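Visitor: can you look at this prediction? I've put the sequence above it.
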Amino acid sequence: MSSLTKVLAEEVRKIEETAAVGRAMQTNRLTHHLMPPTGWLNDPNGLCWYKGRYHVFFQYSPFESNGGLKFWGHYSSEDMISWRYEGVPLLPDSVYDCHGVYSGSAIAEKDKLHLFYTGNIKMDGDYDYINNGRQSSTLHVESEDGIRFGEKKVAISWEDYPENYTCHIRDPKVWKDGEGYHMILGGRQKGDKGAALFYRSEDLKNWKFDHELTTENTFGYMWECPDFFSLEGQEVLSVSPQGLTREEFRFQNIYQSGYFILKDGKPEEKSFREWDYGFDFYAPQTFQDGKDRRIIIGWMGMPDADEEYVNPTAESEGWQHCLTVPREVTYKNGMLYQYPVKELNGLRENGTSISGSSVELPVNGPFDLDIQVKGDQGKVSLGENLFLEYQGGDVILTLSETAGAGRKVRKAHVPSGKVESLRILADTTAVEIYVNGGEVVFSTRYYPETQAQAVKVEAADVDGKIYGLKNYVME
(Lines give C-alpha, C1' and ligand atoms only; values in the text may rest on other atoms or scores of the structure.)
Protein backbone atom coordinates (compact mmCIF):
# COMPACT_ATOMS: atom_id res chain seq x y z
CA MET A 1 0.00 0.00 0.00
CA SER A 2 1.46 3.36 -1.04
CA SER A 3 1.65 6.39 1.21
CA LEU A 4 -0.97 8.12 -0.97
CA THR A 5 -3.32 5.15 -0.60
CA LYS A 6 -2.92 5.20 3.18
CA VAL A 7 -3.59 8.95 3.39
CA LEU A 8 -6.68 8.83 1.16
CA ALA A 9 -8.10 5.79 2.97
CA GLU A 10 -7.59 7.45 6.36
CA GLU A 11 -9.25 10.68 5.23
CA VAL A 12 -12.26 8.77 3.91
CA ARG A 13 -12.49 6.81 7.18
CA LYS A 14 -12.47 10.00 9.25
CA ILE A 15 -15.08 11.84 7.19
CA GLU A 16 -17.40 8.79 7.21
CA GLU A 17 -17.05 8.45 10.98
CA THR A 18 -17.84 12.15 11.44
CA ALA A 19 -20.88 11.88 9.18
CA ALA A 20 -22.20 8.85 11.11
CA VAL A 21 -22.39 10.88 14.33
CA GLY A 22 -25.08 13.19 12.95
CA ARG A 23 -26.93 10.63 10.85
CA ALA A 24 -29.87 10.23 13.21
CA MET A 25 -30.75 13.91 12.73
CA GLN A 26 -30.96 13.63 8.95
CA THR A 27 -34.66 13.41 8.19
CA ASN A 28 -34.22 13.05 4.43
CA ARG A 29 -32.11 9.91 4.52
CA LEU A 30 -33.54 7.00 2.56
CA THR A 31 -34.75 3.71 4.00
CA HIS A 32 -34.88 1.27 1.06
CA HIS A 33 -32.56 2.91 -1.48
CA LEU A 34 -28.77 2.63 -1.35
CA MET A 35 -27.15 6.02 -0.77
CA PRO A 36 -23.68 7.31 0.12
CA PRO A 37 -22.48 7.32 3.74
CA THR A 38 -21.67 10.98 3.09
CA GLY A 39 -20.88 13.17 0.11
CA TRP A 40 -21.91 12.39 -3.45
CA LEU A 41 -23.01 9.17 -5.19
CA ASN A 42 -23.47 8.64 -8.92
CA ASP A 43 -23.17 5.72 -11.37
CA PRO A 44 -23.76 2.13 -10.18
CA ASN A 45 -20.68 0.06 -11.07
CA GLY A 46 -19.41 -3.50 -10.88
CA LEU A 47 -22.85 -5.04 -10.36
CA CYS A 48 -22.51 -8.79 -9.94
CA TRP A 49 -23.33 -11.98 -8.07
CA TYR A 50 -20.15 -13.44 -6.56
CA LYS A 51 -19.58 -16.11 -3.93
CA GLY A 52 -23.15 -16.02 -2.64
CA ARG A 53 -23.50 -12.23 -2.43
CA TYR A 54 -24.77 -9.39 -4.57
CA HIS A 55 -22.16 -6.67 -5.02
CA VAL A 56 -23.05 -3.08 -5.82
CA PHE A 57 -20.17 -0.68 -6.33
CA PHE A 58 -20.81 3.00 -7.01
CA GLN A 59 -18.97 6.15 -7.94
CA TYR A 60 -18.42 8.09 -4.76
CA SER A 61 -17.10 11.52 -3.81
CA PRO A 62 -16.89 11.35 0.00
CA PHE A 63 -15.39 14.82 0.43
CA GLU A 64 -17.91 16.82 -1.64
CA SER A 65 -21.71 16.61 -1.61
CA ASN A 66 -21.78 18.36 -5.01
CA GLY A 67 -19.33 15.96 -6.62
CA GLY A 68 -15.55 15.98 -6.82
CA LEU A 69 -12.69 13.49 -6.82
CA LYS A 70 -14.18 10.07 -7.59
CA PHE A 71 -13.62 6.85 -5.64
CA TRP A 72 -15.63 3.63 -5.69
CA GLY A 73 -17.86 2.78 -2.74
CA HIS A 74 -19.18 -0.73 -2.16
CA TYR A 75 -22.25 -2.49 -0.73
CA SER A 76 -22.94 -6.24 -0.64
CA SER A 77 -25.96 -8.37 0.26
CA GLU A 78 -27.17 -11.96 0.29
CA ASP A 79 -30.79 -11.06 -0.37
CA MET A 80 -31.00 -7.42 -1.59
CA ILE A 81 -32.74 -6.48 1.66
CA SER A 82 -29.93 -6.67 4.22
CA TRP A 83 -26.95 -4.66 2.98
CA ARG A 84 -23.42 -4.36 4.29
CA TYR A 85 -21.27 -1.34 3.56
CA GLU A 86 -17.87 -2.68 2.54
CA GLY A 87 -15.99 0.60 2.39
CA VAL A 88 -13.95 2.14 -0.44
CA PRO A 89 -12.12 -0.53 -2.48
CA LEU A 90 -10.81 1.73 -5.26
CA LEU A 91 -9.09 5.05 -4.59
CA PRO A 92 -7.57 7.56 -7.05
CA ASP A 93 -4.06 6.63 -5.98
CA SER A 94 -2.16 5.63 -9.14
CA VAL A 95 -0.60 7.36 -12.14
CA TYR A 96 -3.52 6.06 -14.22
CA ASP A 97 -6.48 7.30 -12.14
CA CYS A 98 -5.25 10.10 -9.86
CA HIS A 99 -7.96 12.44 -11.19
CA GLY A 100 -10.79 9.99 -10.69
CA VAL A 101 -11.83 6.35 -10.52
CA TYR A 102 -14.52 6.47 -13.19
CA SER A 103 -17.24 3.96 -14.07
CA GLY A 104 -16.85 0.31 -14.92
CA SER A 105 -18.09 -3.23 -14.40
CA ALA A 106 -17.35 -6.62 -12.84
CA ILE A 107 -17.02 -10.16 -14.05
CA ALA A 108 -16.72 -13.23 -11.78
CA GLU A 109 -14.48 -15.80 -13.41
CA LYS A 110 -12.50 -18.82 -12.12
CA ASP A 111 -13.03 -17.98 -8.47
CA LYS A 112 -11.86 -14.40 -8.95
CA LEU A 113 -13.73 -11.14 -9.20
CA HIS A 114 -12.39 -8.82 -11.88
CA LEU A 115 -13.17 -5.11 -11.99
CA PHE A 116 -12.67 -3.02 -15.13
CA TYR A 117 -13.00 0.75 -14.94
CA THR A 118 -11.86 4.02 -16.49
CA GLY A 119 -8.91 5.75 -14.87
CA ASN A 120 -9.09 9.48 -15.49
CA ILE A 121 -6.17 11.88 -15.93
CA LYS A 122 -6.89 15.54 -16.62
CA MET A 123 -3.77 17.51 -17.45
CA ASP A 124 -3.12 21.09 -16.39
CA GLY A 125 -3.00 23.59 -19.23
CA ASP A 126 -5.00 25.26 -21.97
CA TYR A 127 -6.98 22.26 -23.20
CA ASP A 128 -10.57 21.69 -24.32
CA TYR A 129 -10.54 18.26 -22.57
CA ILE A 130 -12.53 16.84 -25.48
CA ASN A 131 -9.91 16.50 -28.18
CA ASN A 132 -6.90 17.01 -25.93
CA GLY A 133 -5.80 17.30 -22.30
CA ARG A 134 -7.39 14.07 -21.03
CA GLN A 135 -6.13 10.50 -20.70
CA SER A 136 -8.74 7.84 -20.00
CA SER A 137 -7.36 4.29 -19.87
CA THR A 138 -9.23 1.11 -19.08
CA LEU A 139 -7.84 -0.43 -15.88
CA HIS A 140 -8.17 -3.93 -14.43
CA VAL A 141 -7.96 -5.17 -10.82
CA GLU A 142 -8.60 -8.61 -9.32
CA SER A 143 -9.91 -9.94 -6.00
CA GLU A 144 -10.30 -13.37 -4.41
CA ASP A 145 -12.84 -12.28 -1.80
CA GLY A 146 -14.73 -9.43 -3.48
CA ILE A 147 -13.51 -6.98 -0.85
CA ARG A 148 -9.76 -6.47 -1.24
CA PHE A 149 -8.33 -5.78 -4.67
CA GLY A 150 -4.81 -6.11 -5.99
CA GLU A 151 -2.54 -4.20 -8.31
CA LYS A 152 -4.04 -1.87 -10.91
CA LYS A 153 -3.05 -2.85 -14.45
CA VAL A 154 -3.74 -1.21 -17.78
CA ALA A 155 -6.07 -3.32 -19.93
CA ILE A 156 -6.34 -0.75 -22.75
CA SER A 157 -4.21 2.39 -22.81
CA TRP A 158 -5.68 5.68 -23.91
CA GLU A 159 -2.98 5.74 -26.58
CA ASP A 160 -4.40 2.62 -28.24
CA TYR A 161 -7.97 3.76 -28.84
CA PRO A 162 -9.06 4.32 -32.47
CA GLU A 163 -7.87 7.59 -34.00
CA ASN A 164 -11.35 8.69 -35.08
CA TYR A 165 -12.38 9.20 -31.44
CA THR A 166 -11.93 12.11 -29.07
CA CYS A 167 -10.48 11.73 -25.57
CA HIS A 168 -13.94 10.69 -24.36
CA ILE A 169 -13.90 6.89 -24.27
CA ARG A 170 -14.95 5.35 -20.96
CA ASP A 171 -17.21 3.10 -18.85
CA PRO A 172 -16.17 -0.47 -19.78
CA LYS A 173 -18.72 -3.27 -19.45
CA VAL A 174 -17.23 -6.79 -19.67
CA TRP A 175 -18.91 -10.18 -20.17
CA LYS A 176 -18.14 -13.70 -21.30
CA ASP A 177 -19.61 -15.37 -24.38
CA GLY A 178 -18.57 -18.97 -24.91
CA GLU A 179 -14.80 -19.20 -24.46
CA GLY A 180 -14.14 -15.54 -25.18
CA TYR A 181 -14.52 -12.26 -23.35
CA HIS A 182 -16.03 -9.05 -24.64
CA MET A 183 -15.89 -5.41 -23.59
CA ILE A 184 -17.99 -2.46 -24.66
CA LEU A 185 -16.96 1.16 -24.11
CA GLY A 186 -18.88 4.38 -24.64
CA GLY A 187 -17.35 6.95 -26.95
CA ARG A 188 -17.50 10.32 -28.65
CA GLN A 189 -16.27 10.31 -32.22
CA LYS A 190 -14.52 13.27 -33.78
CA GLY A 191 -17.36 15.17 -35.37
CA ASP A 192 -19.40 14.76 -32.17
CA LYS A 193 -21.22 11.51 -32.80
CA GLY A 194 -21.92 9.02 -30.03
CA ALA A 195 -20.86 5.41 -30.55
CA ALA A 196 -19.98 2.17 -28.77
CA LEU A 197 -16.62 0.42 -29.14
CA PHE A 198 -16.31 -3.37 -28.84
CA TYR A 199 -13.16 -5.24 -27.80
CA ARG A 200 -12.44 -8.95 -27.37
CA SER A 201 -10.00 -11.01 -25.33
CA GLU A 202 -9.13 -14.64 -24.63
CA ASP A 203 -7.67 -14.06 -21.17
CA LEU A 204 -9.12 -10.83 -19.73
CA LYS A 205 -5.67 -9.25 -20.06
CA ASN A 206 -4.92 -8.75 -23.76
CA TRP A 207 -7.64 -6.83 -25.56
CA LYS A 208 -8.08 -6.21 -29.29
CA PHE A 209 -10.42 -3.75 -30.96
CA ASP A 210 -13.22 -5.66 -32.70
CA HIS A 211 -15.80 -3.24 -34.11
CA GLU A 212 -17.96 -0.23 -33.33
CA LEU A 213 -21.70 0.38 -33.35
CA THR A 214 -23.46 3.65 -33.96
CA THR A 215 -26.63 4.88 -35.63
CA GLU A 216 -26.80 5.92 -39.27
CA ASN A 217 -27.51 9.52 -38.24
CA THR A 218 -26.03 11.26 -35.22
CA PHE A 219 -27.94 10.29 -32.08
CA GLY A 220 -26.28 12.41 -29.41
CA TYR A 221 -22.65 13.52 -29.32
CA MET A 222 -21.57 11.02 -26.61
CA TRP A 223 -22.73 7.57 -25.51
CA GLU A 224 -21.97 6.96 -21.83
CA CYS A 225 -22.31 3.84 -19.69
CA PRO A 226 -22.95 1.29 -22.46
CA ASP A 227 -24.23 -2.21 -21.82
CA PHE A 228 -24.83 -5.16 -24.12
CA PHE A 229 -26.76 -8.36 -23.43
CA SER A 230 -29.14 -10.88 -24.95
CA LEU A 231 -32.60 -11.58 -23.57
CA GLU A 232 -35.10 -14.03 -25.03
CA GLY A 233 -33.07 -14.16 -28.24
CA GLN A 234 -32.94 -10.36 -28.58
CA GLU A 235 -29.66 -8.43 -28.70
CA VAL A 236 -29.90 -5.30 -26.55
CA LEU A 237 -27.60 -2.27 -26.62
CA SER A 238 -28.12 0.09 -23.68
CA VAL A 239 -26.53 3.56 -23.73
CA SER A 240 -26.85 6.94 -22.06
CA PRO A 241 -26.70 9.43 -24.94
CA GLN A 242 -25.86 13.08 -24.36
CA GLY A 243 -27.03 15.82 -26.70
CA LEU A 244 -30.55 14.76 -27.72
CA THR A 245 -33.17 17.44 -28.33
CA ARG A 246 -35.88 17.56 -25.70
CA GLU A 247 -39.43 16.68 -26.74
CA GLU A 248 -42.78 16.79 -24.94
CA PHE A 249 -43.05 13.03 -24.40
CA ARG A 250 -39.42 11.96 -24.96
CA PHE A 251 -35.92 13.03 -24.00
CA GLN A 252 -37.21 15.40 -21.32
CA ASN A 253 -34.12 15.29 -19.10
CA ILE A 254 -30.83 17.00 -19.86
CA TYR A 255 -29.36 13.54 -20.70
CA GLN A 256 -31.13 10.25 -21.43
CA SER A 257 -30.73 6.54 -20.76
CA GLY A 258 -32.29 3.92 -22.97
CA TYR A 259 -31.79 0.92 -25.20
CA PHE A 260 -31.92 -0.35 -28.78
CA ILE A 261 -33.15 -3.82 -29.62
CA LEU A 262 -30.77 -4.46 -32.49
CA LYS A 263 -32.03 -5.24 -35.98
CA ASP A 264 -29.57 -7.33 -37.97
CA GLY A 265 -26.97 -6.39 -35.39
CA LYS A 266 -27.44 -2.64 -35.81
CA PRO A 267 -29.09 0.12 -33.70
CA GLU A 268 -31.78 2.25 -35.34
CA GLU A 269 -32.68 5.68 -33.96
CA LYS A 270 -36.41 4.99 -34.23
CA SER A 271 -36.12 1.89 -32.03
CA PHE A 272 -34.47 3.69 -29.09
CA ARG A 273 -36.62 3.49 -25.97
CA GLU A 274 -35.92 5.22 -22.67
CA TRP A 275 -35.54 3.07 -19.58
CA ASP A 276 -37.21 5.62 -17.33
CA TYR A 277 -39.31 8.78 -17.79
CA GLY A 278 -38.81 10.35 -14.38
CA PHE A 279 -36.65 13.31 -13.44
CA ASP A 280 -33.88 11.29 -11.81
CA PHE A 281 -32.51 8.33 -13.75
CA TYR A 282 -29.18 7.90 -15.50
CA ALA A 283 -26.24 5.55 -16.17
CA PRO A 284 -28.00 2.20 -15.50
CA GLN A 285 -26.13 -1.09 -15.52
CA THR A 286 -27.43 -4.65 -15.77
CA PHE A 287 -26.07 -7.99 -14.66
CA GLN A 288 -27.15 -11.63 -14.58
CA ASP A 289 -27.54 -13.03 -11.09
CA GLY A 290 -27.34 -16.54 -9.64
CA LYS A 291 -30.98 -17.14 -10.57
CA ASP A 292 -30.34 -16.26 -14.25
CA ARG A 293 -32.29 -13.04 -13.93
CA ARG A 294 -31.25 -9.90 -15.78
CA ILE A 295 -31.24 -7.18 -13.10
CA ILE A 296 -30.88 -3.44 -13.65
CA ILE A 297 -29.95 -0.67 -11.20
CA GLY A 298 -29.79 3.01 -12.13
CA TRP A 299 -28.52 6.21 -10.60
CA MET A 300 -31.36 8.36 -9.25
CA GLY A 301 -29.62 11.55 -10.24
CA MET A 302 -28.33 13.44 -13.25
CA PRO A 303 -24.92 14.79 -14.31
CA ASP A 304 -24.46 18.49 -15.07
CA ALA A 305 -27.47 19.26 -12.88
CA ASP A 306 -29.38 22.50 -13.43
CA GLU A 307 -32.28 24.11 -11.61
CA GLU A 308 -34.49 21.09 -12.43
CA TYR A 309 -32.40 18.72 -10.34
CA VAL A 310 -31.90 20.40 -6.97
CA ASN A 311 -31.35 18.14 -3.94
CA PRO A 312 -31.50 20.18 -0.71
CA THR A 313 -29.69 17.42 1.20
CA ALA A 314 -26.41 18.52 -0.40
CA GLU A 315 -26.37 21.65 1.76
CA SER A 316 -28.48 20.62 4.75
CA GLU A 317 -27.21 17.08 5.37
CA GLY A 318 -23.94 16.75 3.44
CA TRP A 319 -24.97 14.00 1.01
CA GLN A 320 -26.63 13.71 -2.37
CA HIS A 321 -28.22 11.05 -4.62
CA CYS A 322 -29.12 7.36 -4.38
CA LEU A 323 -29.58 4.26 -6.51
CA THR A 324 -32.85 2.75 -7.70
CA VAL A 325 -34.04 -0.49 -6.19
CA PRO A 326 -32.90 -3.59 -8.12
CA ARG A 327 -35.30 -4.34 -10.97
CA GLU A 328 -35.73 -7.51 -13.00
CA VAL A 329 -35.69 -6.94 -16.77
CA THR A 330 -37.96 -9.07 -18.97
CA TYR A 331 -38.78 -9.08 -22.68
CA LYS A 332 -42.45 -8.81 -23.60
CA ASN A 333 -44.54 -7.31 -26.39
CA GLY A 334 -41.45 -6.40 -28.38
CA MET A 335 -39.91 -4.29 -25.60
CA LEU A 336 -38.21 -4.52 -22.22
CA TYR A 337 -40.15 -4.32 -18.95
CA GLN A 338 -38.54 -3.66 -15.57
CA TYR A 339 -40.05 -4.36 -12.17
CA PRO A 340 -38.76 -4.53 -8.58
CA VAL A 341 -37.16 -7.90 -7.78
CA LYS A 342 -39.42 -10.22 -5.80
CA GLU A 343 -37.13 -10.10 -2.78
CA LEU A 344 -38.28 -6.54 -2.09
CA ASN A 345 -41.74 -7.85 -1.19
CA GLY A 346 -40.03 -8.88 2.03
CA LEU A 347 -39.97 -5.21 3.04
CA ARG A 348 -43.76 -5.05 3.07
CA GLU A 349 -45.74 -4.88 6.29
CA ASN A 350 -49.20 -3.84 7.52
CA GLY A 351 -51.05 -4.36 4.23
CA THR A 352 -54.38 -2.55 3.77
CA SER A 353 -56.80 -3.54 1.01
CA ILE A 354 -58.03 -0.87 -1.39
CA SER A 355 -61.22 -1.07 -3.44
CA GLY A 356 -63.81 1.31 -4.83
CA SER A 357 -63.75 4.32 -7.12
CA SER A 358 -62.22 6.92 -4.82
CA VAL A 359 -60.00 5.87 -1.93
CA GLU A 360 -58.02 7.98 0.51
CA LEU A 361 -55.63 6.47 3.04
CA PRO A 362 -53.23 8.09 5.53
CA VAL A 363 -49.56 7.11 5.45
CA ASN A 364 -46.67 8.10 7.67
CA GLY A 365 -43.41 7.10 6.05
CA PRO A 366 -42.36 4.88 3.14
CA PHE A 367 -45.04 2.76 1.48
CA ASP A 368 -45.72 0.38 -1.41
CA LEU A 369 -48.96 0.97 -3.33
CA ASP A 370 -49.85 -1.92 -5.66
CA ILE A 371 -53.17 -1.58 -7.47
CA GLN A 372 -55.19 -2.58 -10.52
CA VAL A 373 -57.29 0.16 -12.08
CA LYS A 374 -60.15 0.26 -14.58
CA GLY A 375 -61.40 3.05 -16.74
CA ASP A 376 -59.77 5.37 -19.23
CA GLN A 377 -58.59 7.97 -16.77
CA GLY A 378 -57.56 8.36 -13.16
CA LYS A 379 -55.32 10.09 -10.67
CA VAL A 380 -53.08 9.20 -7.73
CA SER A 381 -52.09 11.95 -5.26
CA LEU A 382 -49.48 11.86 -2.51
CA GLY A 383 -50.82 14.65 -0.35
CA GLU A 384 -50.20 17.97 -2.07
CA ASN A 385 -46.73 16.82 -3.11
CA LEU A 386 -46.98 14.45 -6.08
CA PHE A 387 -49.68 13.83 -8.66
CA LEU A 388 -49.84 11.06 -11.26
CA GLU A 389 -52.62 11.48 -13.81
CA TYR A 390 -53.43 9.29 -16.77
CA GLN A 391 -55.88 9.45 -19.66
CA GLY A 392 -55.78 6.69 -22.20
CA GLY A 393 -52.12 6.05 -22.90
CA ASP A 394 -50.82 9.41 -21.69
CA VAL A 395 -49.35 9.61 -18.18
CA ILE A 396 -48.30 12.86 -16.49
CA LEU A 397 -46.20 13.11 -13.33
CA THR A 398 -46.37 16.48 -11.56
CA LEU A 399 -44.54 17.59 -8.43
CA SER A 400 -45.50 20.53 -6.26
CA GLU A 401 -43.22 23.55 -6.21
CA THR A 402 -41.99 22.85 -2.68
CA ALA A 403 -41.70 19.05 -2.76
CA GLY A 404 -40.25 18.99 -6.27
CA ALA A 405 -37.20 21.14 -5.44
CA GLY A 406 -37.26 22.45 -9.00
CA ARG A 407 -38.80 19.38 -10.64
CA LYS A 408 -42.17 20.07 -12.24
CA VAL A 409 -43.68 17.85 -14.97
CA ARG A 410 -42.71 14.68 -16.83
CA LYS A 411 -44.86 12.91 -19.43
CA ALA A 412 -44.89 9.50 -21.12
CA HIS A 413 -46.92 7.52 -23.63
CA VAL A 414 -47.79 3.97 -22.60
CA PRO A 415 -47.14 1.80 -25.69
CA SER A 416 -50.11 -0.49 -24.99
CA GLY A 417 -52.35 2.58 -24.95
CA LYS A 418 -53.95 2.02 -21.55
CA VAL A 419 -53.06 2.12 -17.85
CA GLU A 420 -54.18 -1.06 -16.11
CA SER A 421 -51.96 -1.26 -13.04
CA LEU A 422 -49.78 1.00 -10.92
CA ARG A 423 -47.14 0.28 -8.35
CA ILE A 424 -45.60 3.13 -6.37
CA LEU A 425 -42.57 2.59 -4.12
CA ALA A 426 -42.30 5.73 -2.00
CA ASP A 427 -39.27 6.29 0.20
CA THR A 428 -38.68 9.31 2.44
CA THR A 429 -37.34 11.43 -0.46
CA ALA A 430 -37.53 9.15 -3.49
CA VAL A 431 -40.34 7.56 -5.47
CA GLU A 432 -40.43 4.91 -8.20
CA ILE A 433 -43.62 4.42 -10.22
CA TYR A 434 -44.24 1.31 -12.34
CA VAL A 435 -47.06 1.40 -14.91
CA ASN A 436 -48.46 -1.92 -16.17
CA GLY A 437 -45.84 -4.04 -14.49
CA GLY A 438 -42.95 -1.92 -15.74
CA GLU A 439 -44.09 -1.08 -19.25
CA VAL A 440 -43.34 2.55 -18.30
CA VAL A 441 -41.37 3.67 -15.24
CA PHE A 442 -40.91 7.04 -13.52
CA SER A 443 -38.13 7.55 -10.94
CA THR A 444 -37.65 10.82 -9.12
CA ARG A 445 -36.48 12.45 -5.93
CA TYR A 446 -39.08 14.50 -4.07
CA TYR A 447 -39.11 16.30 -0.74
CA PRO A 448 -42.47 16.40 1.07
CA GLU A 449 -42.63 18.69 4.08
CA THR A 450 -43.84 15.80 6.23
CA GLN A 451 -43.94 12.01 5.96
CA ALA A 452 -47.52 12.09 7.23
CA GLN A 453 -49.63 12.52 4.10
CA ALA A 454 -52.76 11.12 2.50
CA VAL A 455 -52.59 8.84 -0.52
CA LYS A 456 -55.64 9.35 -2.70
CA VAL A 457 -56.59 7.13 -5.65
CA GLU A 458 -59.33 8.19 -8.05
CA ALA A 459 -60.43 5.83 -10.84
CA ALA A 460 -63.55 4.08 -12.15
CA ASP A 461 -62.58 1.04 -10.09
CA VAL A 462 -59.57 0.32 -7.88
CA ASP A 463 -58.45 -3.00 -6.43
CA GLY A 464 -55.20 -3.68 -4.59
CA LYS A 465 -53.21 -3.00 -1.45
CA ILE A 466 -51.01 -0.45 0.22
CA TYR A 467 -48.21 -1.58 2.52
CA GLY A 468 -45.92 0.09 4.94
CA LEU A 469 -42.26 -0.55 4.16
CA LYS A 470 -39.49 -1.64 6.47
CA ASN A 471 -35.99 -0.20 6.20
CA TYR A 472 -33.13 -1.91 4.46
CA VAL A 473 -31.07 -3.62 7.16
CA MET A 474 -27.66 -1.93 7.11
CA GLU A 475 -24.76 -3.81 8.70
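Guide: Perfect, I can see it now.

Visitor: buried ones in whichever strand or helix holds residue 183, by neighbour count?
Guide: Element membership of residue 183 [criterion: DSSP states H and E] is strand 180-189. Within strand 180-189, the residues that qualify as buried are 181-189, counting by 16 or more other C-beta atoms under 10 Å. For the C-beta atoms, the positions are set from N, CA and C on the backbone; glycine is no exception.

Visitor: how close does residue 447 sit to residue 317?
Guide: Between residue 447 and residue 317 the distance is 11 Å, computed by C-beta to C-beta, to the nearest Å.

Visitor: next helix or strand past the strand holding residue 183?
Guide: strand 193-201.

Visitor: which strands border the helix or strand just after that next one, and is each parallel or antiparallel?
Guide: Heading C-terminal from strand 193-201, the first helix or strand you meet, by DSSP H and E, is strand 207-213. Here strand 207-213 has these sheet partners by DSSP bridges: strand 193-201 (antiparallel).

Visitor: and the strand it pairs with, which residues are buried?
Guide: For strand 193-201, burial by neighbour count (16+ other C-beta under 10 Å) applies to 193-197, 199, 201.

Visitor: neighbouring strands - and their directions - for the strand holding residue 183?
Guide: Paired neighbours of strand 180-189 in the sheet (DSSP bridges): strand 165-177 (antiparallel), strand 193-201 (antiparallel).

Visitor: could those strands be laid out in CSV, adding mean pLDDT and distance to residue 464?
Guide: Below are those laid out as CSV (pLDDT from 0 to 100; distance: least, C-beta to C-beta, whole Å):
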stretch, mean pLDDT, distance to residue 464
strand 165-177, 97, 37
strand 193-201, 98, 41
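
Visitor: quick check: which of these is nearest to residue 412?
Guide: strand 193-201 (23.0 Å; C-beta to C-beta).

Visitor: and the worst-scoring helix or strand of the chain on mean pLDDT, what does it pack against?
Guide: For the chain, counting by mean pLDDT, DSSP states H and E, strand 473-474 ranks last in confidence among helices and strands (a mean of 92). Contacts defined by 3 or more C-beta pairs under 8 Å, 6 or more residues apart in numbering; DSSP states H and E place strand 473-474 against strand 82-90.

Visitor: list residues touching both of residue 447 and residue 317?
Guide: Shared contacts of residue 447 and residue 317, defined by C-beta atoms under 8 Å, 6 or more residues apart in numbering, comprise residue 28.

Visitor: contact partners for the closest residue to residue 404 other than its chain neighbours?
Guide: Closest residue in space to residue 404, ignoring its immediate chain neighbours: residue 446 at 6.2 Å, by C-beta to C-beta, 6 or more residues apart in numbering. For residue 446, the contacting residues are 385-386, 399, 403-405, 407, 429-431, by C-beta under 8 Å, 6+ apart.

Visitor: just give me the closest of these to residue 367.
Guide: Nearest to residue 367 among the contacts of residue 446, with distances taken as C-beta to C-beta, is residue 431, at 10.0 Å.

Visitor: that closest one reaches residue 448, doesn't it?
Guide: No: assessed by C-beta atoms under 8 Å, residue 431 is found out of contact with residue 448, at 9.8 Å.

Visitor: higher neighbour count, these two?
Guide: The neighbour count for residue 431 versus residue 448, taken as other C-beta atoms under 10 Å, is higher for residue 431 (26 against 21).

Visitor: for residue 90, see how far away the more buried one is.
Guide: Applying C-beta to C-beta, the value for residue 431 to residue 90 is 31 Å.

Visitor: and residue 350, by the same measure?
Guide: Between residue 350 and residue 90 the distance is 41 Å, computed by C-beta to C-beta.

Visitor: neighbour-wise, which of the two wins?
Guide: Neighbour count, other C-beta under 10 Å: between residue 350 and residue 90, residue 90 has more, with 26 against 10.

Visitor: find the nearest non-adjacent residue to that one, please.
Guide: Residue 90's closest residue in space is residue 72 (C-beta to C-beta, 6+ apart), at 3.9 Å.

Visitor: got a list of what residue 428 touches?
Guide: By C-beta under 8 Å, 6+ apart, the contact set of residue 428 is 27-31, 365-366, 451.

Visitor: how does this protein divide into domains?
Guide: Residue ranges for each domain of the chain read 3-339, 348-474, as given by automatic domain parsing.

Visitor: gap between the two ends of the longest one?
Guide: With C-alpha to C-alpha, to the nearest Å applied, domain 3-339 spans 45 Å between its terminal residues.

Visitor: follow-up on the earlier one: nearest to residue 164, of the buried residues of strand 180-189?
Guide: Nearest member of the buried residues of strand 180-189 to residue 164, counting by C-beta to C-beta, is residue 189, at 5.7 Å.
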